[in-house]
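Peer 1: With the input below, show me the fold.
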Amino acid sequence: MIALAGLAPGCGKQETAAKEAVAAAHAVPAEKRYPITGEIVKVDAGRSTLLVAHSEIKGYMPAMTMEFKVTKGDLAIAQPGRHIRAELVDRPEGFYLEKIWPDDAATQRALAAATQALAQDTAMRGKEAYREIGEQLPEFTLLDQEGRAVAGSRFRGRQIVLNFIFTRCPIATMCPAATERMAALQKAAREAGAKDFELISLSLDPEYDTPGVLQDYAQLRGLDTSNWSFLTGPDAAVRHLLAQLGVIREFEGATIKHTLATVLINEEGKITHRADGSMWLVDDFVRRLKKN
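Peer 2: Next up, the predicted model:
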């Protein structure tokens, strides 16, 4: 009995060690991520890759030209000669690029200047930052699902229906429902003869919702982007737009708690109607679009 008692702990340790060895053998290696900047040299649709001439990644890789796998959305909007910043993801099956953003000087200047102006405007309005019906839509510059810098003034002369979503929203009655209603509105308004209108969906999660992610979101749902822009950009710009348009967004870890609103803007850029929540009536907006 004494001998058996003395052996038992050893057997237990050996069994634990064996289980740990098996678990380690089957463990998925942690992927490594590195910030990267570079210029797209070639887009290979057949291989779903981008050939990128990138700068040095200190402590990991010298500057070189190499091939990276990307998502369908990033592939669809990639252009040779475009400067980008992204995350290089080192996986066992190869190198990937994620979180791809345009990084040319002109785009960065436009975004920075517009964000600063919007921040100053919010500060000057103070407690009156929220824009009532009859007031102008604030000026902004953001990126669309093609990676292009888009100023709010581009839509002047056309009616706008603006709402708020984020692509990772898991609640069917929130962002997914809002997107479905926008698609239904687009179709119904055209069938009713409404002209010169644009749809805008502004991301509540610009850290994740890159232009390529928004492109994927639209493509997977078969959405018509001929007059529907999905916008993202600096979080500061989004934050000030939310404040001025009365939408609440709060982060709790990876979760975003938020309200929703759908806003109608006329050809002169004035807010003419607002519906809170995601359950607004398509026919109501069709009627308002047809008035002009």
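Peer 1: Any chance you could list what contacts the longest strand along the chain?
Peer 2: Among the segments of the chain that qualify as a strand by DSSP state E, the longest is strand 32-44. Residues outside strand 32-44 that contact it (C-beta atoms under 8 Å, 6 or more residues apart in numbering) are 50-55, 57, 60-61, 65, 67, 75, 78-90, 97, 103. In this view, the C-beta of every residue, glycine as well, is placed from N, C-alpha and C.
Peer 1: Pull out the buried positions in the helix or strand that contains residue 97.
Peer 2: Residue 97 belongs to strand 94-102 when assigned by DSSP states H and E. Within strand 94-102, the residues scored as buried using 16 or more other C-beta atoms under 10 Å are 95, 96, 97, 98, 99, 100, 101, 102.
Peer 1: Which stretches in the protein count as helices?
Peer 2: 2-26, 72-77, 105-125, 175-191, 211-220, 235-245, 282-290 (DSSP state H).
Peer 1: So for residue 227, which of those sits nearest?
Peer 2: helix 175-191 (7.3 Å; C-beta to C-beta).
Peer 1: Let me know the angle separating that closest one from helix 211-220.
Peer 2: Taking axes from the mean of the first three to the mean of the last three C-alpha atoms, to 10 degrees, one finds that helix 175-191 is oriented at 60 degrees with respect to helix 211-220.
Peer 1: Would you mind listing where this protein has pLDDT under the threshold?
Peer 2: By pLDDT under 70, the weakly predicted segments of the chain are 1-29, 292.
Peer 1: Tell me how many other residues crowd residue 53.
Peer 2: Using other C-beta atoms under 10 Å, the number of residues around residue 53 comes to 14.
Peer 1: no wait, residue 168
Peer 2: Neighbours of residue 168 (other C-beta under 10 Å): 15.
Peer 1: got a list of what it touches?
Peer 2: 205, 208 are the contacts of residue 168 under C-beta under 8 Å, 6+ apart.
Peer 1: Could you pull up the residues touching residue 150?
Peer 2: Residue 150 is in contact with 141, 142, 143, 144, 229, 231, counting by C-beta under 8 Å, 6+ apart.
Peer 1: How about residue 198?
Peer 2: Per C-beta under 8 Å, 6+ apart, neighbours of residue 198: 155, 158, 159, 160, 161, 227, 228, 229.
Peer 1: Show me what it is bridged to.
Peer 2: Beta-bridge partners recorded for residue 198 (DSSP bridges): residue 160.
Peer 1: so residue 243 makes contact with residue 122?
Peer 2: Yes. Using C-beta atoms under 8 Å as the test, residue 243 is close enough to residue 122 to be in contact (5.6 Å).
Peer 1: Which neighbours do these two have in common?
Peer 2: Common neighbours of residue 243 and residue 122 (C-beta under 8 Å, 6+ apart) are residue 129.
Peer 1: Let me have the contacts of residue 198 in CSV, extended by neighbour count and distance to residue 259.
Peer 2: Converted to CSV, those look like this (neighbours: other C-beta atoms under 10 Å; distance: C-beta to C-beta, whole Å):
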residue, neighbour count, distance to residue 259
155, 20, 23
158, 15, 26
159, 23, 23
160, 22, 20
161, 25, 17
227, 16, 26
228, 20, 22
229, 23, 21
